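Student: generate a structure from the sequence data that follows.
(2 chains)
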Amino acid sequence: MRNIMGAALCALLAGGVAFGASAETKLTIATVNNGDMIRMQKLTDDFTKKNPDISLEWVTLEENTLRQRVTTDIATNSGQYDIMTIGTYEAPIWAKKGWLAPLEDLGADYDVDDLMPAIRAALSNDDKLYAAPFYAESSMMMYRKDLFEKAGIEINGRLTWDQTLDIAKKLHDPDNGVYGICLRGKAGWGENMALISTMGNAYGARWFNEEWKPEFDGQEWKDALSMYVNILGKYGPPGATSNGFNENLSLFNAGKCAMWIDATVAASFVTNPKDSKVADQVGFTEAPCAVTCTGANWLWAWSLAIPASSKNTEAAEKFISWATSKSYAELVASKEGWANVPPGTRMSLYQNEKYLDAAPFAIKTLAAIDSADPINSTLKPKPYVGVQFAAIPEFQGIGTVVGQQFSAALAGQVSVDQALANAQESTDRTMQKAGYY
Amino acid sequence: MESKFKTPFGQFAYTVFAWIIGLAIFFPILWMVLTSFKSELDAVNMPPLFLDFNWTLENYTGILEQSNYFKFAMNSVILSFGSTFIGLIFAVTCAWAMAFNPTKRTKDTLLWMLSTKMMPPVGVLVPIYLVFRDWGLLDNRFGLIMVLFLMNLPIMVWMLYTYFKEIPKDILEAARMDGATLPKEIIFVLLPMAIPGIASTMLLNVILAWNEAFWTLNLTTSDAAPLTAFIASYSSPEGLFWAKLSAASTLAVAPILIVGWFSQKQLVRGLTFGAVK
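Tutor: Model (predicted):
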């Protein structure tokens, strides 16, 4: 009797396992803890209701840990993830290496032509889309309208860095807890170098010439870095070398920055009265130019991609299609309001009156993203793709080392000339070692 | 108890000094707990707010809603106790051999075991990752238990070895004379005498395994992910996150803090055993 019961139990368990396996495809999604991503997690009931045979498992990680985990996973072809969140830096590199599956079946109503052309170009390789943008950003200036008005400053047209320096000087009032300008100072290719690269572009500089040789010994970089060190060192908050996006966001929200140049995605944070003390006093304008406006604002898109090692490509593509579709925008709008719709990826969003009414920063965001071109982002021709980075595998290391040098210049540990010479030497060495020349 | 300090002032100064050191060590944890009850805006306020802020539970409710805390906590319990339990089986037998039957190479072996702790773990990440991939151990609790157990084994052997050295050999010999076999000798004679040492070894290793963040983050995705992964998920590249991260950290350290609190007597006794003779 005991044997029979045991056999029955085994059969039941085996049946259960078999049933479970055939009924559900589990998608493991690696992502970062950004507001829009968390919102997506909350809204996935809509997807699982439409696709009862697919279940979702979220793995949320810190940005650098995510990058490390995902790179290890892809490089060793381990297939731990079915969908991963990557940026415009990784997408073309990984696509070229064959690490990502192309997104070729996003459904008939996906309307891939509605994606912003600049973003689509940044996420494609050989005209094939390898990652679908979830939200995108450029950079722009956020400023305090009340302080500008009080000082009698008006913005007519796009500012130059020299004008920005004058304004910062006028509004810098540390005794009353207001600093002229807040900028990224923390060293890192995605931190201070994102901003300084766009400043370099504005001054006519480029990371590499057509022979892939670094150009930090040119006058353009010297002008750009001198301006950065001058404006942030003199009119920025104390300890600016440890400030990244979040630190500046909290300073701006607390009313301590007259100007802040950073990601357009910050616009929805600084205008949210729940988080910001200056929510109704924020104005938006383009990031400053210098000798040119080409490449003066960056381009970045948090995007969803499928690693080539995934065994559930079809289901993963279904999910990506859902999360980056027009109907997802409508779903967010119906639950949380139009201002919370992920920005910057689709042109149709910027033709939607309801969105334009709800998001006062929409027009400036659109203008910034529209004007950022990852291919033509420098005055002189360049061999690499990317506005604030060069989409080559070596850049992550190079950008961080150069960022440390520039951060040291800001802290006054080395002179601008010395920092540039060090940057030139180390980048030259890395590029030679990598076999570029 | 007789005090080392003769004058009341000396004793008072000593007490104040001890309190200052104690509070300085405890302050980061206190600050983390306080921050977990702040709103994100209060958490980054300058000057920092100590007690005068709007106390809120929204970080905790938000976190419990967003992540399955108990799944992560359960994994932490399984990994830390599992690796410690398996570790103890090996460490007790190993330490017994080294303490009671030493050879001329025992000291070298001990040092060599400890030297494996000196290598940075990232140096072996890729080989171990590949082995795990091929054996299907990625995101698997058993695989991670093995890594944590092997990682902490040298410390366990060292601790138990120091402890066993203090136990008189004669007692074990007497047991042998009475006809005890080797397993009986270890289980019924050695272990009961060594319980405080084993308890402190166990506690320390549970704590080490609980806090281990390199392997647990790199070898897991979701099924086997412990509380370290839970904390890591609350850091945000774009958006304020200090309050939520503090709440997640508080939830992650709370269980082990409570266990440590209740067992601090054994822990301190085990760690300082043999230090003063």
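Student: and residue 206, what does it touch?
Tutor: You didn't say which chain, so I picked chain A. A:G200, A:E215, A:E220, A:T378, A:L379, A:K380, A:K382 (CB atoms under 8 Å, 6 or more residues apart in numbering or on different chains). In this view, the C-beta of every residue, glycine as well, is placed from N, C-alpha and C.
Student: wait, chain B
Tutor: B:S80, B:F81, B:T84, B:I256, B:V259.
Student: can you get me the start-to-end distance on stretch A:229-248?
Tutor: Terminal residues of stretch A:229-248 are spaced 17 Å apart (CA to CA, to the nearest Å).
Student: so A:M193 is in which element?
Tutor: helix A:192-202 (DSSP states H and E).
Student: hang on, I meant B:P47
Tutor: Using DSSP H and E, no helix or strand contains B:P47.
Student: ok, it to B:F53 distance?
Tutor: 12 Å (CB to CB, to the nearest Å).
Student: again, but for A:T60
Tutor: 27 Å.
Student: okay, those two: which has more neighbours?
Tutor: More crowded of A:T60 and B:F53, by other CB atoms under 10 Å in any protein chain shown: A:T60, with 24 against 17.
Student: A strand includes the more buried one, no?
Tutor: Yes. Under DSSP: H, G, I helix; E, B strand; the rest coil, A:T60 sits within a strand.
Student: could you give the bridge partners of it?
Tutor: Assessed by DSSP bridges, A:T60 has beta-bridge partners A:T31.
Student: list the contacts of the residue of the stretch 1-150 of chain A found nearest chain B.
Tutor: Using CB to the nearest CB, the single residue of the stretch 1-150 of chain A nearest to chain B is A:T60, 3.6 Å away. If a contact means CB under 8 Å, 6+ apart, then A:T60 has A:T31, A:V32, A:N33, A:M37, B:S67, B:A232, B:S233, B:Y234 as its contacts.
Student: which residues of the stretch 151-300 of chain A lie near chain B?
Tutor: Residues of the stretch 151-300 of chain A that fall close to chain B, judged by CB under 8 Å from any CB of the partner chain: A:245-246, A:249-250, A:253-254, A:256, A:263, A:265-266, A:269, A:274-277.
Student: now for A:L27: which residues touch it?
Tutor: A:I54, A:S55, A:L56, A:E57, A:D82, A:I83, A:N312, A:A315, A:A316, A:F319.
Student: give me the phi and psi for it.
Tutor: Dihedral pair for A:L27: phi -100, psi 130, per degrees, to the nearest 10.
Student: ok, for it, nearest residue in space, not its chain neighbours?
Tutor: A:D82 (4.5 Å; CB to CB, 6 or more residues apart in numbering or on different chains).
Student: about what we covered before: let's see if you can find the most crowded of the contacts of A:T60.
Tutor: Once you tally neighbours by other CB under 10 Å, B:S233 ends up highest among the contacts of A:T60, having 27 neighbours.
Student: next, count neighbours for A:D175.
Tutor: Based on other CB under 10 Å, the number of other residues close to A:D175 is 6.
Student: equivalent analysis for the one 4 residues further on, please.
Tutor: Taking other CB under 10 Å as the neighbour definition, A:Y179 ends up with a count of 23.
Student: might you list the low-confidence residue ranges for chain A?
Tutor: Scanning chain A for pLDDT under 70 picks out the ranges A:1-23.
Student: domains of it?
Tutor: Listed domain ranges for chain A are A:26-137+A:300-358, A:139-298+A:375-433 (source: automatic domain parsing).
Student: A:K96 reaches A:N125, doesn't it?
Tutor: Yes. Taking contacts as CB atoms under 8 Å, A:K96 lies within contact range of A:N125: 5.6 Å.
Student: who has more neighbours out of the two?
Tutor: For A:K96 versus A:N125, the count of surrounding residues by other CB under 10 Å is larger for A:N125: 20 against 15.
Student: and the helices in the stretch 51-200 of chain A?
Tutor: Under the criterion DSSP state H, counting those that start in this stretch, helices of the stretch 51-200 of chain A are mapped to A:63-75, A:90-96, A:117-122, A:145-150, A:161-171, A:192-202.
Student: mind checking which of those helices is nearest B:P121?
Tutor: Set against B:P121 and scored by CB to CB, the helices of the stretch 51-200 of chain A come closest in helix A:63-75, at 13.1 Å.
Student: now for the closest one, which elements pack on it?
Tutor: strand A:25-32, strand A:83-86, strand A:299-307, helix B:125-134, helix B:214-218 (3 or more CB pairs under 8 Å, 6 or more residues apart in numbering or on different chains; DSSP states H and E).
Student: if we use 6 Å, what do you get?
Tutor: strand A:25-32 (3 or more CB pairs under 6 Å, 6 or more residues apart in numbering or on different chains; DSSP states H and E).
Student: restricting to C-alpha, output the strand it packs on in PDB.
Tutor: What follows is strand A:25-32, C-alpha atoms only, in PDB (Å, rounded to 0.1, in the frame of the first residue of the first chain):
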ATOM      1  CA  THR A  25       8.000  30.700 -19.700                       C
ATOM      2  CA  LYS A  26      10.000  32.500 -17.000                       C
ATOM      3  CA  LEU A  27      11.700  35.700 -18.200                       C
ATOM      4  CA  THR A  28      14.500  37.000 -16.000                       C
ATOM      5  CA  ILE A  29      14.900  40.800 -16.400                       C
ATOM      6  CA  ALA A  30      18.000  42.600 -15.200                       C
ATOM      7  CA  THR A  31      17.400  46.300 -14.500                       C
ATOM      8  CA  VAL A  32      18.500  49.300 -12.500                       C
END
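Student: wondering if whichever helix or strand comes after that strand reaches chain B at all.
Tutor: Next helix or strand after strand A:25-32 toward the C-terminus (DSSP H and E): helix A:35-42. Yes. Under the criterion of CB under 6 Å from any CB of the partner chain, chain B is reached by helix A:35-42 at A:G35.
Student: next, the angle from helix A:35-42 to strand A:299-307.
Tutor: 40 degrees (axes from the mean of the first three to the mean of the last three CA atoms, to 10 degrees).
Student: residues in contact with helix A:35-42?
Tutor: A:T31, A:W58, A:Y135, A:A323, A:P342, B:G239 (CB atoms under 6 Å, 6 or more residues apart in numbering or on different chains).
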